[in-house]
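>>> 3D, please:
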Amino acid sequence: MIQDYGFGKITVNGEIYSNDIKIIEGRVVPEWWRDEGHRITLEDIRDILDKAPDILVVGTGYYGNMKSTDAFRTGVQDRGIELIEEKSGQAVKTFNQLHEEGKDVAAGFHLTC
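Numbers count the residues shown, from 1 in each chain. Predicted structure coming up:
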C-alpha cells in the first residue's frame, strides 16, 4: 500500500503526498494537521477513533520529533486499540506488514522532523 517514504514525502497507492496523512480503512486522508503541531492528541485522530481499528500505527516523523501525550496513549488503549509509535520510516514498514497480514490497521504519518 505504501510504496515509498522519505523526509517530507510519502507515496501511497502510486500517489505522492507532501503533507502529513492518515490512512483509515485503506483510504488516505491528506493534509493531516494537529491542533498542537508536534504533539498528537485524541482530537487529532477523532476520525480514526470513530472507525475503531484494532491497531493504530503512528509515524512520529523522520527523526521522531512528534510526541503523543499520556492522555493520547491511554485514550487509544482504553478503546481497545493497540498503539504502535515509531519513527515514520519504521512505521511505514510496520503498517505495510500489518496491512499485508490483513489486520484492521489505521495510521497517521508525520512526514518531516
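>>> looking at it, Asn55 is touching Glu85, isn't it?
Check again: residue 55 is Ile, not Asn. No - the pair formed by Ile55 and Glu85 falls short of the contact definition of Cβ atoms under 8 Å, at 11.7 Å. Where C-beta positions appear, they are placed from N, C-alpha and C, glycine not excepted.
>>> Looking at the two, which is more packed in?
Taking other Cβ atoms under 10 Å, Ile55 and Glu85 do not tie; Glu85 has more neighbours (20 against 17).
>>> mind listing the helices for the chain?
Shown for the chain, the helices assigned by DSSP state H span residues 46-51, 70-78, 88-100.
>>> need the ones you listed in JSON lines with distance to Thr11, can you?
Supplementary listing: the helices of the chain in JSON lines, determined by distance: least, Cβ to Cβ, whole Å:
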{"stretch": "helix 46-51", "distance to Thr11": "21"}
{"stretch": "helix 70-78", "distance to Thr11": "27"}
{"stretch": "helix 88-100", "distance to Thr11": "10"}
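>>> could I get those helices as CSV with mean pLDDT?
What follows is those, written out as CSV (pLDDT from 0 to 100):
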stretch, mean pLDDT
helix 46-51, 97
helix 70-78, 96
helix 88-100, 98
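>>> Highest mean neighbour count out of those?
Comparing these on average neighbours per residue, with mean count of other Cβ atoms under 10 Å, the densest one is helix 88-100 at a mean of 19.
>>> Does Asp20 touch Cys113 like I think?
No - between Asp20 and Cys113 there is no contact, the gap being 11.1 Å when judged by Cβ under 8 Å.
>>> okay, those two: which has more neighbours?
Ranked by neighbour count (other Cβ under 10 Å), Asp20 and Cys113 place Asp20 first, with 22 against 14.
>>> And the pLDDT at the more buried one?
With respect to pLDDT, Asp20 has a value of 98.
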